[in-house]
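Engineer: Got a predicted model here, sequence first, then my questions.
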Amino acid sequence: MAETIVVTSGKGGVGKTTTSASLACGIAQQGKRVAVIDFDIGLRNLDLIMGCERRVVYDFVNVIQGDCQLKQALIKDRRIETLYVLAASQTRDKDALTLEGVRRVLEELAADGFEYIICDSPAGIEKGAHLAMYFADRAVVVVNPEVSSVRDSDRILGLLASKTQRAEQGNGGVKEHLLLTRYSPQRVASGEMMSVEDVKEILGLDVVGVVPESTDVLQASNAGVPVILNADSDAARAYDDAVARLLGRTVPLRFIEEPRKGLFARLFGH
Amino acid sequence: MGLLDLFRRTPGSASVAKERLRIIVAQQRSARGTPDYLPLLRRELLEVIHKYVNVDPSEVQINFGREDGHEVLELSVALPGGRPRV
C-alpha cells in the first residue's frame, strides 16, 4: 500500500520543492521505495533541485498521454538506491494533466511497489495544486513564519478539507502537518518573527518540522544536491527529524532556541 | 543590543502579525463551505436594499447555514426608525 504525501503551501517561494526533495531523499534513505513527482507543469524545478535535469527524457505528461511507459519516465536517483523522480513537463498546455491521468500514474506506482509517493505541488490554488493534493493521504503544509504565507496556507487547509478524494469520501480526510521553513530563532527571540507556537496556534496543526534559515539551502540548490544530504547542515538535521516524525517516530524539536550569548555579549552588543 | 535592552524587551511586530492572522484565519474559516458567489451576492443585495432604504451596511446580515439537510440563506435587515429616505 503506497502512501501519497502532498507538499503544498499556497504561496510560492516558501520551500516546497526543497522540502519535497529532502523528504523524498530522507524517506528513501530509510530503505523505503519513494517516487517524487513534480506537479508544476510548465515550470519544472524539482529536477534541478534533485540534480537530474540532464537525465529527463520523458516526463509526467508524456506518461499521462501515453507517449511512453511510466518506467521510461522514472529517473533513478544516483545517490539513493530506492529513490525515483518523475519530472514535470515544460508544456504550456494547462490541461495536460487530468484527474484520471494522475490517478492512473499513482495507481501504477503503487502497483510497482512504491511505498511513498511525494507530490510536489505548484504554488497557487489552480488546477496543478488541486491535482497534486487530490489523491493525498497526508499533506505537508510548508509555511514561512510570515503573514502572507500563513494566510495562504490556511486557504490550502480549506481546500484539503473539501477538494480532495479523502474529504469527498468522508473517510477522515487528509492528515495535515505543518512544516516551518526559514525559521530564525534570533528574530523570534527579538519579537520580529512569529514563533513555532504562534503559527501552530493560528493554524491548529501539529508540527512535523522546523527548518532553520540557512545558507546551505541555496548552496544545495546550486549544486543539485538536496540539502538533507549535507552532513554538516542544521537544515539537513531538521529535515532528518521531519522524516522521522513522518515515519511515526517522536523526536523533540531542535534549532528553535536562540544560541545562548554570554553576559559580555549581552551587555555590549554583538 | 545594549544595556537597556536587558531590562526592557519591547513587544515586537510578531505579536501584531499574530493578532492580524488570528482574525483573518477566523474569517476565512467561517467562510469555508459557503458558496463562492456569497460575497458578490451580499454586495448586490446591499446595493438593492440601499436603493430603497438608507441602511447601514453593518445592519444587513447574510448568513449561510445548513439545517436538516437543507441549505439556508438567511437575510436579516434592521430598518432604521421607519422614516422614509429623503
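Structural biologist: Received, thanks.

Engineer: helix, strand or coil for the closest residue to chain B within the stretch 101-250 of chain A?
Structural biologist: Minimum separation of the stretch 101-250 of chain A from chain B (C-beta to the nearest C-beta) falls at A:Gly191, amounting to 2.3 Å. For glycine as for every other residue, the C-beta is placed from the backbone atoms N, C-alpha and C. Following DSSP: H, G, I helix; E, B strand; the rest coil, A:Gly191 is assigned to coil.

Engineer: Which strands border the longest strand along chain A, and is each parallel or antiparallel?
Structural biologist: Using DSSP state E, we find that the single longest strand of chain A is strand A:175-183. Using DSSP bridges, the strands paired with strand A:175-183 in its sheet are strand A:138-143 (parallel), strand A:206-212 (parallel).

Engineer: Just the C-alpha atoms of the longest one, please, in CSV.
Structural biologist: So the one you mean is strand A:206-212. The C-alpha coordinates for strand A:206-212 follow below in CSV (Å, rounded to 0.1, in the frame of the first residue of the first chain):
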residue,chain,number,x,y,z
ASP,A,206,0.8,19.6,14.5
VAL,A,207,4.4,20.5,13.7
VAL,A,208,6.3,17.9,11.6
GLY,A,209,9.4,20.0,11.2
VAL,A,210,11.1,23.4,11.8
VAL,A,211,13.9,24.1,9.3
PRO,A,212,16.1,27.0,10.3
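
Engineer: returning to that earlier point: could you dump the strands paired with strand A:175-183 into TSV and include mean pLDDT, distance to B:Ser76 and mean neighbour count?
Structural biologist: What follows is these, written out as TSV (pLDDT from 0 to 100; distance: least, C-beta to C-beta, whole Å; neighbours: other C-beta atoms under 10 Å in any protein chain shown):
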stretch	mean pLDDT	distance to B:Ser76	mean neighbour count
strand A:138-143	98	36	26
strand A:206-212	96	39	22
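
Engineer: Compare the ones you listed and report which one is nearest to A:Met1.
Structural biologist: Nearest of these to A:Met1, taken as C-beta to C-beta: strand A:138-143 at 13.2 Å.

Engineer: Other residues contacting that closest one?
Structural biologist: With C-beta atoms under 8 Å, 6 or more residues apart in numbering or on different chains as the test, strand A:138-143 has contacts from A:3-9, A:14-16, A:19, A:23, A:133, A:149-150, A:153, A:156-157, A:160, A:174-181, A:199, A:203, A:205, A:208, A:242, A:246.

Engineer: got the contact list for residue 59?
Structural biologist: This is for chain A. A:Asp59 neighbours (C-beta under 8 Å, 6+ apart): A:Arg44, A:Ala73, A:Leu86, A:Ala87, A:Ala88, A:Ser89, A:Gln90.

Engineer: My question was about chain B, not that one.
Structural biologist: B:Val77, B:Ala78, B:Pro80.

Engineer: Assign a three-state SS to the last one, would you?
Structural biologist: Reducing the assignment to helix, strand or coil with three-state DSSP, the entry for B:Pro80 is coil.

Engineer: Am I right that it is in contact with B:Asn54?
Structural biologist: Yes. Between B:Pro80 and B:Asn54 a contact is recorded at 6.5 Å, counting by C-beta atoms under 8 Å.

Engineer: Point out the residues in the stretch 51-200 of chain A that sit beside chain B.
Structural biologist: Contacts of the stretch 51-200 of chain A with chain B, taken as C-beta under 8 Å from any C-beta of the partner chain, map to A:146-147, A:150-151, A:154-155, A:158, A:161-162, A:188, A:190-195, A:198.

Engineer: Burial check on residue 55, number of neighbours?
Structural biologist: Assuming you mean chain A. Counted with other C-beta atoms under 10 Å in any protein chain shown, the neighbours of A:Arg55 add up to 14.

Engineer: not what I meant, chain B
Structural biologist: B:Val55 is flanked by 16 other residues according to other C-beta under 10 Å.

Engineer: From what I see, it and B:Leu79 are in contact.
Structural biologist: Yes. The criterion here is C-beta under 8 Å, and B:Val55 meets it with B:Leu79 at 6.6 Å.

Engineer: sorry, back to before: now the residue of the stretch 101-250 of chain A closest to chain B. Nearest residue, chain neighbours left out?
Structural biologist: Nearest-residue entry for A:Gly191: B:Gly12, 2.3 Å, with adjacent residues in sequence omitted and distances by C-beta to C-beta, 6 or more residues apart in numbering or on different chains.
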